[in-house]
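[1] My questions concern the predicted model and sequence given below.
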Amino acid sequence: MTALPRIALAGAGLLALAASGPALARPAIAVQDDRLTWLPLERMPDRAKLIKASGVRWTRVDVFWRDVAPRRPRRPADPADPAYRWDRLDATLTAQRAKGVHALLTPYRSPRWANGGSGDPRTAPRASAYADFMVALGRRYSGRYLAGGHRLPKVTHFEVWNEPNIAFFLRPQWARRSGRMVPVSPQIYAGMLRAVTPRLRRARPDAVVIAGALAPTNTTNAPASVGVADFVKGVRRRGVRIMAASQHIYPGAPPGRSRALPSEWGLPRIRALWGGVPMYVTETGYTTAPTRFHLYHVSPGTQARYLPQLLRGLSHPWVRMIVWYNLQDHGLWPAGLRLADGGPKPAWRVFRREALRS
């Protein structure tokens, strides 16, 4: 926009684990800057300053796995393996922590060596390879790791892939089995969770592993998507225990009006499908122009007016974080708080006020 074995933990223990790391007593209002994946590294301090100026203490950061590991590491769980290229992520996280901003990391986009040789980074990777990478991330950003004589920042929150229920981010979604098409992405994703969570938790007992990051569709339609309800049920049928879950919500109506499942109204039901775990809304917002992904849009002034209403509608005692996507407009997603040329939209000041209160 961005399985695991049974773990013997009581429900109360899961809640405590999901709240580990820096305190999130109320839903933290966060923002994502998707330009961090391509801007020159020397721009990172300026972007961190802009993120901080929005009033947030948290930000969601995309991690493009294929860029960090373009060739196969010999020791993939070791962040010191020379195959890894950490420069961009190190610079991003270091600049943000210098401004007092914590990061939630969302690694996706598989390299060829991990997905059977496909040049399409949306191709599902080997679950064990993805788990290796998540462990390497956890170790590098433990708060104790030294690189170039400097201690790297600590990251506690790790989201497993981005929008794995749509083909735009994870393939295949469907496959032919016994002569008919059936959804397979829930099974693939369950395998990823099963591989990642116990290994990351062993390497980083303080890590919060967040499942889901689901695209805001409840349409199950071959070959493009599996709806939220069907996807979650498909994952949980495979015996996956979840620490925390996340959902992307882009309303197709004014705040509080939508009765779609991926909406403010539907968030409690989505949480129930995941088993009542803590929730993270890791993408939300209103676009101010139509796109091929989301036709519903509002004027910049209406975006500013709707923003606090949307945040209030998503704020529940069990919601840990709400991420506005994104910081700055671009052609594919004009829901930014700032225009493509960098100027503030009316929503900028409103968002800052809400973020400073969180």
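    Sure thing, it's come through.
[2] Please make it C-alpha for all contacts and neighbour counts, starting now.
    Will do.
[3] Pull the distance from the longest helix seen in the chain to the chain's centre.
    In the chain, assigned by DSSP state H, the helix with the most residues is helix 185-203. Centroid displacement of helix 185-203 relative to its chain, using CA atoms, centre = their mean, to the nearest Å, is 15 Å.
[4] what does whichever helix or strand comes after that helix contact?
    Once the chain leaves helix 185-203, the next helix or strand it forms, by DSSP states H and E, is strand 208-214. If you take CA atoms under 8 Å, 6 or more residues apart in numbering as the criterion, strand 208-214 is touched by 2, 17-20, 156-165, 193, 197, 228, 242-248, 282.
[5] Show which residue of this structure lies farthest from the average position.
    Gly179 (34.9 Å; CA atoms, centre = their mean).
[6] just the strands in the stretch 51-200 of the chain please.
    Ranges of strands within the stretch 51-200 of the chain are 58-64, 102-108, 146-147, 150-151, 157-159, 174-177, 180-183, based on DSSP state E, counting those that start in this stretch.
[7] and Ser128, which of those is closest to it?
    Judged by CA to CA, the one of the strands of the stretch 51-200 of the chain that comes nearest to Ser128 is strand 102-108, at 14.0 Å.
[8] quick one: buried residues of that closest one?
    His102, Ala103, Leu104, Leu105, Thr106, Pro107, Tyr108 (16 or more other CA atoms under 10 Å).
[9] The fourth one contacts Arg60, doesn't it?
    Yes - applying CA atoms under 8 Å as the test, Leu105 and Arg60 come out as touching, 6.0 Å apart.
[10] Need the per-residue pLDDT for the residue nearest the centre of the chain.
    The centroid of the chain falls nearest to Thr106 when counting by CA atoms, centre = their mean (4.6 Å). Note on Thr106: pLDDT of 98.
[11] what pairs with it across the strands?
    Beta-bridge partners for Thr106, by DSSP bridges, are Asp62.
[12] how far away is it from Val155?
    11 Å (CA to CA, to the nearest Å).
[13] what does Gly227 give?
    30 Å.
[14] who has more neighbours, those two?
    Taking neighbours as other CA atoms under 10 Å, Gly227 and Val155 compare with Val155 leading, 24 against 19.
[15] Read off the pLDDT value for the residue lying closest to that one once chain neighbours are set aside.
    Leaving aside its sequence neighbours, Val155 sits nearest to Tyr141 (CA to CA, 6 or more residues apart in numbering; 5.4 Å). On pLDDT, Tyr141 comes in at 98.
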